[in-house]
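Undergrad: I'd like to go over a predicted model; first the sequence, then the structure.
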Amino acid sequence: MKISVYIATSLDGFIARENGDLDWLPDADGESQQTAEDYGYRHFIETIDMLVMGRNTFEKVLSFGQWPYGERRCVVLTSRDSMIPEKMAAHILVRNAQPDELIKELDEMGVQHIWLDGGKTIQQFLCEGFVDEMIITRVPVLIGAGIPLFGHIMDDINLRHIETVSFKSGFVQSRYAVARKPQAKRNS
Ligand SMILES: NC(=O)c1ccc[n+]([C@@H]2O[C@H](COP(=O)([O-])OP(=O)(O)OC[C@H]3O[C@@H](n4cnc5c(N)ncnc54)[C@H](OP(=O)(O)O)[C@@H]3O)[C@@H](O)[C@H]2O)c1
(Lines give C-alpha, C1' and ligand atoms only; values in the text may rest on other atoms or scores of the structure.)
Protein backbone atom coordinates (compact mmCIF):
# COMPACT_ATOMS: atom_id res chain seq x y z
CA MET A 1 0.00 0.00 0.00
CA LYS A 2 1.24 3.47 -0.88
CA ILE A 3 0.36 6.60 1.11
CA SER A 4 0.68 9.94 -0.66
CA VAL A 5 0.28 13.55 0.33
CA TYR A 6 -0.81 15.89 -2.48
CA ILE A 7 -1.20 19.38 -1.11
CA ALA A 8 -0.76 23.09 -1.82
CA THR A 9 1.01 25.45 0.53
CA SER A 10 1.77 29.13 0.64
CA LEU A 11 5.46 29.86 0.13
CA ASP A 12 5.71 30.33 3.91
CA GLY A 13 4.38 26.83 4.52
CA PHE A 14 0.70 27.21 5.39
CA ILE A 15 -2.14 25.10 4.00
CA ALA A 16 -4.91 27.46 5.15
CA ARG A 17 -5.35 30.70 7.05
CA GLU A 18 -5.85 30.43 10.81
CA ASN A 19 -9.63 30.38 10.28
CA GLY A 20 -9.32 27.70 7.59
CA ASP A 21 -9.78 30.10 4.64
CA LEU A 22 -8.27 29.07 1.32
CA ASP A 23 -8.87 32.40 -0.45
CA TRP A 24 -5.12 32.73 -1.15
CA LEU A 25 -5.27 29.51 -3.18
CA PRO A 26 -6.38 30.30 -6.75
CA ASP A 27 -7.76 26.78 -7.29
CA ALA A 28 -10.08 27.08 -4.32
CA ASP A 29 -12.57 29.13 -6.32
CA GLY A 30 -12.61 26.74 -9.25
CA GLU A 31 -10.17 28.66 -11.40
CA SER A 32 -8.45 25.41 -12.36
CA GLN A 33 -11.56 24.27 -14.18
CA GLN A 34 -11.27 27.24 -16.52
CA THR A 35 -7.64 26.63 -17.35
CA ALA A 36 -5.91 23.67 -18.97
CA GLU A 37 -3.41 23.32 -16.12
CA ASP A 38 -4.45 21.00 -13.32
CA TYR A 39 -1.03 20.56 -11.67
CA GLY A 40 -1.14 16.81 -12.16
CA TYR A 41 -4.36 16.47 -10.16
CA ARG A 42 -6.36 14.34 -12.61
CA HIS A 43 -3.49 11.92 -13.10
CA PHE A 44 -2.95 11.72 -9.33
CA ILE A 45 -6.60 11.18 -8.36
CA GLU A 46 -6.97 8.40 -10.92
CA THR A 47 -4.38 6.39 -8.98
CA ILE A 48 -6.15 6.84 -5.62
CA ASP A 49 -8.54 4.23 -4.24
CA MET A 50 -8.98 5.74 -0.76
CA LEU A 51 -8.88 9.22 0.71
CA VAL A 52 -8.03 9.61 4.38
CA MET A 53 -8.65 13.06 5.82
CA GLY A 54 -8.96 14.80 9.15
CA ARG A 55 -12.31 16.13 10.30
CA ASN A 56 -11.29 19.76 9.74
CA THR A 57 -10.46 19.09 6.11
CA PHE A 58 -13.65 17.09 5.64
CA GLU A 59 -15.77 19.93 7.01
CA LYS A 60 -13.97 22.43 4.79
CA VAL A 61 -14.51 20.33 1.66
CA LEU A 62 -18.18 19.84 2.58
CA SER A 63 -18.54 23.62 2.87
CA PHE A 64 -17.70 23.93 -0.86
CA GLY A 65 -21.23 22.68 -1.49
CA GLN A 66 -20.26 20.01 -3.97
CA TRP A 67 -18.28 16.94 -2.84
CA PRO A 68 -15.46 16.79 -5.42
CA TYR A 69 -14.51 13.12 -4.99
CA GLY A 70 -17.68 11.47 -6.26
CA GLU A 71 -18.14 7.99 -4.87
CA ARG A 72 -14.46 7.42 -4.23
CA ARG A 73 -14.02 5.76 -0.84
CA CYS A 74 -12.98 8.04 1.99
CA VAL A 75 -12.11 7.74 5.67
CA VAL A 76 -12.77 10.74 7.91
CA LEU A 77 -10.73 10.68 11.10
CA THR A 78 -12.45 12.12 14.14
CA SER A 79 -13.01 11.46 17.82
CA ARG A 80 -16.53 12.86 17.50
CA ASP A 81 -19.79 11.15 16.70
CA SER A 82 -20.50 10.63 13.01
CA MET A 83 -21.34 13.81 11.13
CA ILE A 84 -21.52 12.34 7.63
CA PRO A 85 -24.51 13.44 5.56
CA GLU A 86 -26.73 10.40 5.01
CA LYS A 87 -26.45 10.47 1.21
CA MET A 88 -22.63 10.11 1.52
CA ALA A 89 -22.62 7.39 4.15
CA ALA A 90 -22.27 4.57 1.61
CA HIS A 91 -18.74 5.53 0.62
CA ILE A 92 -17.44 7.42 3.67
CA LEU A 93 -16.15 5.66 6.76
CA VAL A 94 -15.64 7.44 10.07
CA ARG A 95 -12.77 6.23 12.20
CA ASN A 96 -11.20 7.15 15.51
CA ALA A 97 -7.97 5.23 15.16
CA GLN A 98 -4.23 5.56 15.38
CA PRO A 99 -2.37 5.47 12.06
CA ASP A 100 -1.11 1.89 12.50
CA GLU A 101 -4.60 0.56 13.33
CA LEU A 102 -6.15 2.36 10.39
CA ILE A 103 -3.48 1.29 7.93
CA LYS A 104 -3.88 -2.32 9.04
CA GLU A 105 -7.65 -2.14 8.47
CA LEU A 106 -7.31 -0.50 5.05
CA ASP A 107 -4.61 -2.96 4.04
CA GLU A 108 -6.95 -5.83 4.91
CA MET A 109 -9.61 -4.17 2.73
CA GLY A 110 -7.16 -4.33 -0.17
CA VAL A 111 -6.59 -0.58 -0.47
CA GLN A 112 -3.63 0.16 -2.75
CA HIS A 113 -3.11 3.93 -2.77
CA ILE A 114 -4.21 6.43 -0.13
CA TRP A 115 -4.39 10.19 -0.47
CA LEU A 116 -3.75 11.52 3.00
CA ASP A 117 -5.08 15.02 3.64
CA GLY A 118 -5.24 17.61 6.42
CA GLY A 119 -2.40 19.29 8.33
CA LYS A 120 -2.66 17.59 11.72
CA THR A 121 -3.47 14.30 10.04
CA ILE A 122 -0.45 14.42 7.74
CA GLN A 123 1.83 15.42 10.63
CA GLN A 124 0.64 12.45 12.68
CA PHE A 125 1.14 9.90 9.90
CA LEU A 126 4.53 11.42 9.03
CA CYS A 127 5.67 11.14 12.66
CA GLU A 128 4.61 7.49 12.72
CA GLY A 129 6.47 6.87 9.48
CA PHE A 130 3.40 6.10 7.36
CA VAL A 131 3.90 8.47 4.43
CA ASP A 132 5.61 7.23 1.26
CA GLU A 133 5.35 10.23 -1.05
CA MET A 134 4.71 13.95 -0.78
CA ILE A 135 3.72 16.12 -3.72
CA ILE A 136 3.80 19.70 -2.50
CA THR A 137 2.71 22.58 -4.69
CA ARG A 138 3.99 25.92 -3.46
CA VAL A 139 1.86 28.93 -4.32
CA PRO A 140 3.83 32.18 -4.69
CA VAL A 141 2.20 34.04 -1.84
CA LEU A 142 3.16 34.76 1.76
CA ILE A 143 0.23 34.72 4.17
CA GLY A 144 2.17 35.22 7.38
CA ALA A 145 0.11 32.96 9.63
CA GLY A 146 -2.14 29.98 9.30
CA ILE A 147 -2.43 26.23 9.62
CA PRO A 148 1.02 24.75 8.95
CA LEU A 149 1.71 21.71 6.82
CA PHE A 150 4.53 20.61 9.10
CA GLY A 151 4.98 20.72 12.85
CA HIS A 152 6.95 19.31 15.73
CA ILE A 153 8.67 15.98 15.09
CA MET A 154 10.56 13.69 17.46
CA ASP A 155 13.20 12.65 14.92
CA ASP A 156 14.43 14.02 11.63
CA ILE A 157 12.58 12.69 8.61
CA ASN A 158 14.77 12.26 5.55
CA LEU A 159 13.23 12.83 2.16
CA ARG A 160 14.50 12.00 -1.30
CA HIS A 161 13.83 14.66 -3.88
CA ILE A 162 12.32 13.10 -7.01
CA GLU A 163 11.51 16.12 -9.15
CA THR A 164 10.47 19.74 -9.17
CA VAL A 165 8.44 21.39 -11.90
CA SER A 166 7.40 25.00 -12.24
CA PHE A 167 4.29 26.34 -13.93
CA LYS A 168 3.48 29.56 -15.78
CA SER A 169 1.28 30.55 -12.86
CA GLY A 170 4.34 30.62 -10.62
CA PHE A 171 3.29 27.45 -8.79
CA VAL A 172 6.27 25.19 -8.04
CA GLN A 173 5.58 21.52 -7.45
CA SER A 174 8.06 19.18 -5.78
CA ARG A 175 7.78 15.46 -5.35
CA TYR A 176 9.58 13.68 -2.53
CA ALA A 177 9.89 10.06 -1.48
CA VAL A 178 9.77 9.50 2.27
CA ALA A 179 11.49 6.52 3.82
CA ARG A 180 9.10 4.50 6.00
CA LYS A 181 10.22 3.68 9.52
CA PRO A 182 11.02 -0.04 9.95
CA GLN A 183 8.01 -0.55 12.28
CA ALA A 184 5.66 1.12 9.79
CA LYS A 185 6.96 -1.26 7.10
CA ARG A 186 6.25 -4.29 9.23
CA ASN A 187 2.67 -3.26 9.93
CA SER A 188 1.45 -2.71 6.39
N1 LIG B 1 -3.91 23.77 0.94
C2 LIG B 1 -4.38 22.55 0.76
O3 LIG B 1 -4.12 21.90 -0.27
C4 LIG B 1 -5.21 21.92 1.84
C5 LIG B 1 -5.44 20.53 1.83
C6 LIG B 1 -6.13 19.96 2.88
C7 LIG B 1 -6.63 20.75 3.90
N8 LIG B 1 -6.41 22.09 3.87
C9 LIG B 1 -6.94 22.93 4.95
O10 LIG B 1 -6.34 22.55 6.18
C11 LIG B 1 -7.28 22.75 7.22
C12 LIG B 1 -7.43 21.47 8.01
O13 LIG B 1 -6.18 21.02 8.52
P14 LIG B 1 -5.99 20.80 10.11
O15 LIG B 1 -4.54 20.66 10.38
O16 LIG B 1 -6.74 21.85 10.82
O17 LIG B 1 -6.75 19.46 10.41
P18 LIG B 1 -7.12 18.04 9.79
O19 LIG B 1 -5.92 17.17 9.79
O20 LIG B 1 -7.90 18.19 8.55
O21 LIG B 1 -8.15 17.54 10.92
C22 LIG B 1 -7.71 17.39 12.25
C23 LIG B 1 -8.76 16.62 13.00
O24 LIG B 1 -8.87 15.30 12.46
C25 LIG B 1 -9.17 14.40 13.51
N26 LIG B 1 -8.09 13.40 13.60
C27 LIG B 1 -6.85 13.45 13.07
N28 LIG B 1 -6.20 12.32 13.33
C29 LIG B 1 -7.05 11.53 14.04
C30 LIG B 1 -6.95 10.21 14.59
N31 LIG B 1 -5.84 9.47 14.46
N32 LIG B 1 -8.03 9.71 15.23
C33 LIG B 1 -9.16 10.45 15.38
N34 LIG B 1 -9.32 11.69 14.86
C35 LIG B 1 -8.26 12.22 14.22
C36 LIG B 1 -9.33 15.22 14.77
O37 LIG B 1 -10.71 15.58 14.77
P38 LIG B 1 -11.64 15.69 16.08
O39 LIG B 1 -11.30 17.01 16.66
O40 LIG B 1 -13.02 15.60 15.54
O41 LIG B 1 -11.28 14.53 16.98
C42 LIG B 1 -8.48 16.43 14.49
O43 LIG B 1 -8.85 17.56 15.23
C44 LIG B 1 -8.59 23.16 6.58
O45 LIG B 1 -8.72 24.57 6.64
C46 LIG B 1 -8.42 22.74 5.14
O47 LIG B 1 -9.14 23.53 4.24
C48 LIG B 1 -5.72 22.69 2.87
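TA: Great, that's in hand. All of these numbers come straight from a predicted model, not from anything done at the bench.
Undergrad: ok, the residue positioned nearest the centre of the chain - contacts?
TA: With distances taken as Cα atoms, centre = their mean, Asp117 lies nearest the centre of the chain, 2.2 Å away. Neighbouring residues of Asp117 by Cβ atoms under 8 Å, 6 or more residues apart in numbering: Val5, Tyr6, Ile7, Leu51, Val52, Met53, Gly54, Thr57. For glycine as for every other residue, the C-beta is placed from the backbone atoms N, C-alpha and C.
Undergrad: neighbours around Val61, how many?
TA: A total of 19 residues lie near Val61 under the criterion other Cβ atoms under 10 Å.
Undergrad: was I right to think it contacts Trp67?
TA: Yes: in terms of Cβ atoms under 8 Å, Val61 counts as a neighbour of Trp67; the distance is 6.9 Å.
Undergrad: secondary structure element for Val75, which one?
TA: Per DSSP states H and E, Val75 falls inside strand 74-77.
Undergrad: now check stretch 152-169, is it near the ligand?
TA: No: shown here: stretch 152-169 not in contact with the ligand (Cβ under 6 Å from any ligand atom), separated by at least 13.1 Å.
Undergrad: and that stretch, what's buried?
TA: Within stretch 152-169, the residues that count as buried by 16 or more other Cβ atoms under 10 Å are Ile157, Ser169.
Undergrad: show me what that stretch is in contact with.
TA: 26, 37, 39, 123, 126-127, 134, 172-179.
Undergrad: and which of those is nearest the ligand?
TA: Using Cβ to the nearest ligand atom, Gln123 comes nearest to the ligand of those, at 7.5 Å.
Undergrad: how about that closest one, what does it touch?
TA: Leu149, Phe150, Gly151, His152, Ile153.
Undergrad: could you find the closest non-adjacent residue to Tyr39?
TA: Of all residues not flanking Tyr39 in the chain, Thr137 sits nearest, at 5.6 Å (Cβ to Cβ, 6 or more residues apart in numbering).
Undergrad: so the one you found belongs to a strand, correct?
TA: Yes: assessed with DSSP: H, G, I helix; E, B strand; the rest coil, Thr137 lies in a strand.
Undergrad: my read: it touches Glu37, true?
TA: No: with contact defined as Cβ under 8 Å, Thr137 does not reach Glu37; the gap is 11.0 Å.
Undergrad: more neighbours: these two, which one.
TA: Neighbour totals were compared for Thr137 and Glu37, and Thr137 leads with 21 against 13 (other Cβ under 10 Å).
Undergrad: good, wrapping up.
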